[in-house]
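Asks: Everything below, folded, please.
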Amino acid sequence: MNLFVDGIVFRHHPIGGVARYFNEILPRMCMLDDELKLTFLSPWESSETIGLGDKASVVKIPPFSRFTYRVPPLRGMGDRLETFAARCVAGTGNNSIWHSTYNTVPNFWPGMKVVTIYDLIYEIFPHLYRGPFGDKVRFDQRRAVESADAILCISETTRRDALNFYDINEKSTFVTYLGVTDSFKNDHKRGTTSNIDNPFILFVGERKGYKNFNCLLDAFCNWKMRNEIKLIAVGKPWDYEEEAYITDNGISKRVEVISSISDDELAGLYSASEAVVHPSLYEGFGFPIVESMATGSKLVASDIPTTREIAGDIPIYFDQNDSTSLLNALNISVEKQLTVTQIKDIKEHALRYNWDNTAKETIKVYKSLGK
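Replies: Prediction:
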């Protein structure tokens, strides 16, 4: 079974959930199935081969999009040239599978095509992604999905959303849940983050748009416990608007952002927190959900379908559109003390989501093609 994986996402988003997904499953698939012959079409500048070693062929693709990105009329041309170059490297494509990391599909491919849908945010929140860039992402994803022979969805919620938005056959869709990276499964003692001198609640990830961080920030400003418990965000440094809001509301000494953190350090933060807060309006899966559960942390989460699907009744839920509802959930989380048994149950729930299963289910989909 010949598999070609276009590694385009490692050029534009080398750090993030999609990159982690392929970093985790590609080496595992090579280990699990000796019949799988993987060719990874790598960005030219990538110095690492995502742990593949000698398990796969790695071919470098010239960075055409790097040269055209700053010229809006030519922006799409660079991506198309990269896909064309990757297509040429792949040869005839007969009896082969093309799986792109991010919606790059050759115009002519006689073999099978597989696409992974991570979420439908560009379709569900079009007002957040206006203009040529948003239009291009929507066009590329629709084209890739509707031309695919198999569509991998990272949750049942994502699968239902895809069936709602795209003209696809339900039989071509498959749910392949994501996993928890091993770092978060290890035992992390409270107090491992010695440089933090106060109890804290924790937010992890991007903060803009549908991530709904503003709801958390607003609730924290009005929280009676804010002088005793800090808010720590793991992600990019504060932007201008966030800095202004924090300063205007007098909470500069009560909020902190941490960037450039390792998985082990993040696991320590999860474990040491009073609660992990996940206020998102929508998710395809939600890594902070499963990562926090893997460390046995208390979880405060917006009441959205994906989180219900992934975490069940474990989180303390709140109305994602109501900061008062979030305040009530924060108060409950601080007062609630988990027993040893409850922590064990939470960790065991998280173990349902593991990368070995993701790799096995993906191989199963590959092998089903053409039958």
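Asks: so Glu332 makes contact with Tyr317?
Replies: Slight slip there: residue 332 is Ile, not Glu. No - the pair formed by Ile332 and Tyr317 falls short of the contact definition of C-beta atoms under 8 Å, at 10.1 Å. Where you see a C-beta, it was placed from the backbone N, CA and C, and this is true even at glycine.
Asks: Compare neighbour counts for those two and give me the winner.
Replies: Taking Ile332 and Tyr317 together and counting by other C-beta atoms under 10 Å, Tyr317 has the greater number of neighbours (18 against 14).
Asks: Give me the residue ranges of the stretch 51-200 of the chain where confidence is low.
Replies: 66-76, 187-196 (pLDDT under 70).
Asks: Okay, helices next: where are they in the stretch 51-200 of the chain?
Replies: Listed in chain order, the helices of the stretch 51-200 of the chain (DSSP state H, counting those that start in this stretch) span 64-68, 75-89, 121-124, 131-146, 156-165.
Asks: In TSV, list these along with distance to Asp6 and mean neighbour count.
Replies: As requested, the helices of the stretch 51-200 of the chain are exported to TSV (distance: least, C-beta to C-beta, whole Å; neighbours: other C-beta atoms under 10 Å):
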stretch	distance to Asp6	mean neighbour count
helix 64-68	12	18
helix 75-89	5	18
helix 121-124	20	18
helix 131-146	11	16
helix 156-165	20	18
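Asks: can you redo those helices as TSV with distance to Glu45?
Replies: Written out in TSV, the entries for the helices of the stretch 51-200 of the chain read as follows (distance: least, C-beta to C-beta, whole Å):
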stretch	distance to Glu45
helix 64-68	8
helix 75-89	12
helix 121-124	27
helix 131-146	22
helix 156-165	31
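Asks: Tyr366: which of these is closest?
Replies: Between Tyr366 and the helices of the stretch 51-200 of the chain, the shortest gap by C-beta to C-beta is with helix 131-146, which sits at 16.9 Å.
Asks: any idea of the angle the closest one forms with helix 75-89?
Replies: Helix 131-146 runs at 30 degrees relative to helix 75-89, counting by axes from the mean of the first three to the mean of the last three C-alpha atoms, to 10 degrees.
Asks: other SSEs contacting helix 131-146?
Replies: The elements that helix 131-146 packs onto, with contact taken as 3 or more C-beta pairs under 8 Å, 6 or more residues apart in numbering; DSSP states H and E, are helix 75-89, strand 112-117, helix 121-124.
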